[in-house]
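Undergrad: next input, structure requested:
(3 chains)
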Amino acid sequence: MNRRTILGGLFAAATVPALTACASGITSLDNEGGAASGGGSSKDGVTIGTANFTENQVLGYLYAAVLAAAGVKVKVRPNLGTREIVFPALKSGDIDLLPEYQGALLTYLAPKAAATEEGEMQNDLTIALPAGLQVLPYGLAEDADAFAVTRETARKYGLASLADLTKLNGRLVLGAAPEVKTRRVGVVGLKEVYGVEFKEFKSLDSSGPLVKGALKKGDVDVANLFTTDTDILDNGWVVLSDPKNLIPGQHIVPLIADRRADSTVRKALARLGNVLTTTQLTELNRQVDKDKKDPEDVANTYARQHGLAR
Amino acid sequence: MYELFKNLGGWLTSGAQWSGPDGIAHRLAEHLQYSLLATLVAAVIGLPVGLLIGHTGRGAFLAINLASFGRALPTVGLVVLVFLASGLSMWPVYVALVALAVPSIVTNTYAGMTAVDPDVKDVARGQGMRGHQVLFQVELPLALPLIMTGLRLALIQVVATATIAAYVSFGGLGRYVFDGLAQRDLVQVLGGAVLVAAVAIALDLALSGVQRLLFRHRPAQHA
Amino acid sequence: MTIDWSWISGHTDELTTLAISHLQAALTAVLLGLLISLPLAVVAHRVRPLRGFLLGLSNVLFTIPSIAIFVLLLPISGLTRTTTVIGLTVYTLVVLLRNTVEGLDSVPAKTKEAAKAMGTRPLRTLLTVEFPLALPVIMAGVRIATVMSISLVSVATYIGDGGLGQLFTDGFQRDFPTPVIAGVVLTILLAVVADAALVGVQYLLTPWKRRRA
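TA: Residues are numbered from 1 along each chain as shown, chains lettered A, B, ... in the order given. Take a look at the predicted model:
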């Protein structure tokens, strides 16, 4: 923290009552930082980062829509990269807020974490997060990782669950985003929990054109997709069940820097979390991927229709 | 930084890292295959064009401008565009790499040809040489140094850019760069980058060796 | 592969913003590249033993894939514009340094001697005699570096920047050619306009060349 932000923080602390009175942000006083004694402030705006797949961008713009409606100045930086890239950017201050997924974030922070129940995971997340970052209450909507095969593959080998894959150890090719190779919800966990071993791992993308194209073409036998991807239904792909709960629950949860987490932000994001359902999120993804609408427009329309923004 | 380079040593020298389908040896072979094939195709396209416009002097304006357009073509965009048109195949990679290499080859070949002293060409014609004889026996040898410069430049660019194959699911040394980016494994990224640079430098040295060999046999034209 | 014209007409603002941000990154890199190369070129020109080293170093940097440079800069400058600009600057050096050295080399020794004989100080000779005479070759380098930078900016889309390059990753993810085509066309357009502008700059900077041309 440089000198200017420290001064700014002190100044902000001294003027909190005055500023909360004018939440519309008409004040032009220099209040950068503002992270006095634990409580954050969104007065100087919130920069929302998103990872490199459609849904995360939709969520980022949804956050932006509800925050803007609450009078917060927002900036969205879409398509920054994988969690491995975006998370450090949150720590270093390049971005302030990130739409995250409970289970995936937890296994990223604490690979050995065993919790699969939402409340427990929320607790564990709070413990596992580095100082300066926090998760806000998780929302209704969920988007889990899925391992899918084509209907033909499922029929040919009699595959219904991840455990069935062991019958074909050393014979199948797994396609997924590069980071899945080193993630627990990926090659590592499949081996540890189910004893599944693949012939080859093909680095593709996150439920994107590469992995779906490869599954269609038969270049890969098993593909890592997201459950909110409409292509799973459209193509009749079979999602393998997870009897040993390797894949944790993936409720969507806002991950935010303490310095920006004030009550305005908390309230706005909590309202969104309590409204947005998995089905609705899947539909929003479809509008972006299939109808080629902008994630920003899709998010704004949704927020308006559900009374979250004007 | 020190830590990074120390780990790089381990990464580059571990035996496991070199073997298997994801090993350095295999990725290196893939990278060489993409780069050499693309540069070869680019040479087959670029050399005749450069020689022809240099020899006849016709179409030079058009060719040179097209070449500088070509230099502005964003490789990522081209790869994606061809990917959307052709689907999951090697086409996006090869089209983008060839498009990258052709401009350097055409402009340098043309520059080499125009640098040939017109008097020399006149003398050759005066001795009764035909057009194609002047081209192949007089102009080409004299233009060779610049032509080789163009080829070497093209090859370096192609080797560095062949990294992009990994973006559309293929192999080559770019695999380490893109996977390392996704996994934030900087040692892997650095390892990939160092290997790419080493390949580029090695190939460049090899071509400059070829160039020197070609010239040793033509001492007469040196003056 | 069809173009969705309504998408383009509905996104003119976004396309303009991206194009401006794209151009800014490229031009900043070229300017920085010049600031670095000009003094280094003087050193390389005057101090023979350093010449091979400096030119060789810039050549080696050129062989590193740009995407790798961006990623390796992440621990230092993060997901910011700075990372993009530093990465691009590295690639301008190879052209700018070489051309500036060649430009300085091309100034006839007699001209420099004449300046010396007239009592002009070395620094003044450099600024008022050598650089102006080397300008055409330097400008040729600036033009190539500019076009190259403009085409390279889009690689930074892999680290969340990249100006028009954002359109490429977007179109890729959604199987949507229109933004990609728009991005490619605009990139080439930027390069052509920037190149033409530099020709204009060169014309203005070298008034003594006009009569001959």
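
Undergrad: how many residues are close by the residue of chain A found nearest chain C?
TA: Using CB to the nearest CB, the single residue of chain A nearest to chain C is A:Leu80, 3.5 Å away. C-beta coordinates here come from the backbone N, C-alpha and C atoms, glycine included. When neighbours are counted by other CB atoms under 10 Å in any protein chain shown, A:Leu80 registers 25.

Undergrad: where's it, which helix or strand?
TA: When elements are assigned from DSSP states H and E, A:Leu80 belongs to no helix and no strand.

Undergrad: just checking, it touches A:Ile48?
TA: No - with contact defined as CB atoms under 8 Å, A:Leu80 does not count as touching A:Ile48 (10.3 Å).

Undergrad: which neighbours do the two share?
TA: Shared contacts of A:Leu80 and A:Ile48 (CB atoms under 8 Å, 6 or more residues apart in numbering or on different chains): A:Ile95.

Undergrad: and for the residue lying closest to the residue of chain A closest to chain C once chain neighbours are set aside, the neighbour number?
TA: Of all residues not flanking A:Leu80 in the chain, C:Gly160 sits nearest, at 3.5 Å (CB to CB, 6 or more residues apart in numbering or on different chains). By the measure other CB under 10 Å, the count of residues near C:Gly160 is 26.

Undergrad: tell me who's in contact with B:Val168.
TA: Residues in contact with B:Val168 (CB under 8 Å, 6+ apart) are A:210, B:79, B:83, B:88, B:92-93.

Undergrad: part of a helix, is C:Tyr158?
TA: Yes - secondary structure assignment places C:Tyr158 in a helix (DSSP: H, G, I helix; E, B strand; the rest coil).

Undergrad: thought it was touching C:Ile69?
TA: No - in this structure, C:Tyr158 is not within contact of C:Ile69 by CB under 8 Å, at 11.2 Å.

Undergrad: higher neighbour count, those two?
TA: Neighbours per residue, other CB under 10 Å: of C:Tyr158 and C:Ile69, the larger number sits with C:Tyr158, 26 against 22.

Undergrad: pull the contacting residues for that one.
TA: Counting by CB under 8 Å, 6+ apart, C:Tyr158 touches A:81, B:167, B:181, C:67, C:70-71, C:169.

Undergrad: what does chain B have sitting close to chain C?
TA: Counting by CB under 8 Å from any CB of the partner chain, chain B comes close to chain C at B:68-69, B:71-78, B:80-81, B:83-85, B:156, B:159-161, B:163-164, B:167, B:174, B:177-178, B:180-181, B:184, B:186, B:189-190, B:192-193, B:196-197, B:200-201, B:204.

Undergrad: ranges for the helices of chain B?
TA: With DSSP state H as the criterion, chain B has helices at B:2-13, B:15-18, B:24-56, B:60-72, B:75-86, B:91-114, B:118-126, B:131-133, B:140-161, B:174-183, B:186-216.

Undergrad: among those helices, show me which one is buried the most.
TA: helix B:174-183 (a mean of 26; mean count of other CB atoms under 10 Å in any protein chain shown).

Undergrad: show residues contacting it.
TA: Here helix B:174-183 makes contact (CB under 8 Å, 6+ apart) with A:81-82, A:84-85, A:177-179, A:181-182, A:203, B:22, B:27, B:31, B:162-167, B:185-193, B:195-196, C:65, C:67-68, C:71, C:158-159.

Undergrad: now the angle from it to helix B:186-216?
TA: Helix B:174-183 runs at 160 degrees relative to helix B:186-216, counting by axes from the mean of the first three to the mean of the last three CA atoms, to 10 degrees.
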